[in-house]
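Q: below are the sequence and a predicted model; questions follow.
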Amino acid sequence: MSRPNILLIHCHDLGRHLGCYGADSVVSPHLDALAAEGVRATSMFAAAPQCSPSRAALFTGRWPHANGVMGLTHRSFAWDLHPDERHLAGMLRDGGYRSELIGVHHESRALEDDAVAERLGFDQVRTGGLAEVVAERGIDALHRFAGGSEPFYLQVGFQEPHRLPGARDEHGVMGFLGEHLDPDTSRGVQVPGYLVANDTARAELAELQGAIRAMDTAVGTVLTALDGLGLTENTITIFTTDHGLALPRAKCSLYDPGLEIAFIVRWPAGSWSGGRSVTGALSNIDVVPTLMEAVGLPAGSARTMHGESFAAALTGEHPTSGREHVFAEMTYHDYYDPRRCVRTDEVKLIANFSSAPGYMDPSQSWRRRCTPRAPSYAHEDYHPSLELYDLRNDPWEQHDLAEDPNHTDRLADLSEQLFLWMQSTGDPLHDGPVGNPLATATRDRLRASALRDRATPDAPVMPPLPSPEW
């Protein structure tokens, strides 16, 4: 069998808000059908809860703090991949793949299309466009690729359902409709459980549902073209997103609603099919090594590949296998708000390295229409240094247990895992300069918990952390 083609479709700000993930009021027939034909990951998480860092991790297989993209890559934010970082497109080009990027590019510095193509390893880049335009360009690329003898990699990024300003927005609000979309209440409106279900929330979620429906329709036209060209059988078709919904305490937060992402893949020739589910915990940094294994190429990077292939799970050999510990991070978005987290299936630890508000508001509005349910520390203006949540009994992460003496062992175990992950991956927050005393206090507390069970003569000694630079 010849090497498979790869069609990777992604969108903004979706989380898992699709019918095939249990969002019953969302109309997403084409993506639901893709899940019914392929394999759906039920527990994949983003490496970061914001656009650029998550995509940089997705397309390099490396953590944002290691690949250089710790914040947004557009306009004056201007974060960029390190010069020697390799993008999936460049790795595949080394293996003889033709490639094209259509629509959203958000994983490296925003430059002219030709400069992006040269930097990342694409033959051609065409950025911009709303859903219909992006779909038309994607279909055009498929027709051109269909006539060639080499395998192709086509990366198609949709702007929707990102918030888009429009004349219909109320004063002080940026909604999801722009000038081209309509709300969708055809199946009612389902408000996620971490938000208060009131009339203003339902109005905002109706807009979001309309944007998702439009994106799903555009994806459907691309998939129909793929099938019409006879390419479906030996094409690895992926749909995913960057992070959670652009709603309070989701996007731009390390709570699960900010990190949970859809991941659907179909490759009939490789037996990635049948409407199956992979239930083990995964990170989107695992996608690159999985694809490189599937196409029989090395994950070409002189730097450490942090992701781990889950190809065996996709064939059905080990559908419950995954990561025991899932890590994620946030450093910059609109402002500096450094946080790190680690979760298992049962519990999550969040370490906050600044005295910022409890969560960054992603509504891009002066007037918020959705209100999060108040967590146990809501009386505080700023988030605590450490937060600990029992995910089995408290899935919406409302009750912080970090100060509960009954959970000291859990706190210590996860502190050790998080501290050593930061150390082993070169996280600058591990021992670099910091901007305020809270960061030092958080690091000292993590370190103390991590070393709690290491106070023996044979235990490795971690170096002391430096004092903050003023």
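A: Done, it's in. Numbering: from 1, shown residues only.

Q: what's the closest residue to residue 17 other than its chain neighbours sitting at in phi/psi?
A: Computed as Cβ to Cβ, 6 or more residues apart in numbering, the closest residue to residue 17 that is not its neighbour in sequence is residue 23, at 4.8 Å. Any C-beta I mention is one placed from the backbone N, CA and C, and that applies to glycine too. Dihedral angles of residue 23 (phi, psi; degrees, to the nearest 10) stand at phi -90, psi 90.

Q: kindly report the same for residue 199.
A: Torsion angles at residue 199 (phi, psi; degrees, to the nearest 10) stand at phi -60, psi -40.

Q: residue contacts, the residue nearest to residue 17?
A: With contact taken as Cβ atoms under 8 Å, 6 or more residues apart in numbering, residue 23 is in contact with 16, 17, 190.

Q: also residue 381?
A: Applying Cβ under 8 Å, 6+ apart, the residues contacting residue 381 are 357, 358.

Q: where does pLDDT dip in the stretch 301-450 of the chain?
A: 301-302, 376-380, 432-438 (pLDDT under 70).

Q: how about the stretch 1-150 of the chain?
A: If you take pLDDT under 70 as the line, the stretch 1-150 of the chain has these spans: 1.

Q: mind listing the helices for it?
A: 29-37, 51-60, 64-67, 88-94, 113-120, 131-146 (DSSP state H, counting those that start in this stretch).

Q: and the closest residue to residue 143 other than its chain neighbours, how many neighbours?
A: Spatial nearest neighbour of residue 143, chain neighbours left out: residue 229 (6.9 Å); criterion: Cβ to Cβ, 6+ apart. Counted with other Cβ atoms under 10 Å, residues neighbouring residue 229 total 15.

Q: how close does the residue nearest to residue 17 get to residue 93?
A: Using Cβ to Cβ, to the nearest Å, residue 23 is found at 37 Å from residue 93.

Q: got it, and residue 416?
A: According to Cβ to Cβ, residue 416 and residue 93 sit 40 Å apart.

Q: what do you get for residue 244?
A: For residue 244, the distance to residue 93 equals 32 Å [Cβ to Cβ].

Q: so these two - more neighbours on which side?
A: residue 244 (30 against 18).

Q: wasn't residue 210 part of a helix?
A: Yes - under DSSP: H, G, I helix; E, B strand; the rest coil, residue 210 sits within a helix.

Q: these two touch, right, it and residue 180?
A: No - applying Cβ atoms under 8 Å, one finds residue 210 not in contact with residue 180, separated by 10.2 Å.

Q: more neighbours, the two?
A: More neighbours surround residue 210 than the other of residue 210 and residue 180, with 22 against 13 (other Cβ under 10 Å).

Q: so for the more buried one, what's the pLDDT?
A: Here, the pLDDT recorded for residue 210 equals 98.

Q: the residue nearest to it when sequence neighbours are not counted: how many residues sit nearby?
A: Computed as Cβ to Cβ, 6+ apart, the closest residue to residue 210 that is not its neighbour in sequence is residue 184, at 4.1 Å. Around residue 184 there are 21 other residues, counting by other Cβ under 10 Å.

Q: same deal with residue 99?
A: 26.

Q: ok, back up a step: which of the helices of the stretch 1-150 of the chain sits most buried?
A: The highest mean neighbour count among the helices of the stretch 1-150 of the chain, using mean count of other Cβ atoms under 10 Å, belongs to helix 51-60: a mean of 30.

Q: tell me the angle of that one relative to helix 113-120?
A: Counting by axes from the mean of the first three to the mean of the last three Cα atoms, to 10 degrees, helix 51-60 points 50 degrees away from the direction of helix 113-120.

Q: excluding sequence neighbours, find me the nearest residue to residue 287.
A: residue 58 (5.8 Å).

Q: next, residue 201: phi, psi?
A: Dihedral angles (degrees, to the nearest 10) for residue 201: phi -70, psi -40.

Q: tell me the contacts of it?
A: Going by Cβ under 8 Å, 6+ apart, residue 201 touches 191, 195, 369, 370, 371.

Q: cool, and residue 288?
A: 58, 59, 60, 61, 88, 91, 299, 305, 307.

Q: distance to residue 430 added to those, as JSON lines?
A: Shown next, in JSON lines, are the contacts of residue 288 (distance: Cβ to Cβ, whole Å):
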{"residue": "58", "distance to residue 430": "23"}
{"residue": "59", "distance to residue 430": "25"}
{"residue": "60", "distance to residue 430": "20"}
{"residue": "61", "distance to residue 430": "21"}
{"residue": "88", "distance to residue 430": "27"}
{"residue": "91", "distance to residue 430": "28"}
{"residue": "299", "distance to residue 430": "25"}
{"residue": "305", "distance to residue 430": "20"}
{"residue": "307", "distance to residue 430": "20"}
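
Q: can you tell me which of these is closest to residue 333?
A: Residue 333 lies nearest to residue 58 out of those, by Cβ to Cβ, at 17.0 Å.

Q: which strand or helix spans residue 156?
A: Taking DSSP states H and E as the criterion, residue 156 maps to strand 152-158.

Q: what about the strands in the stretch 301-450 of the chain?
A: 326-332, 336-343, 347-352, 386-390 (DSSP state E, counting those that start in this stretch).

Q: can you put those in TSV and add mean neighbour count and distance to residue 251?
A: Supplementary listing: the strands of the stretch 301-450 of the chain in TSV, determined by neighbours: other Cβ atoms under 10 Å; distance: least, Cβ to Cβ, whole Å:
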stretch	mean neighbour count	distance to residue 251
strand 326-332	24	10
strand 336-343	23	13
strand 347-352	24	15
strand 386-390	23	18
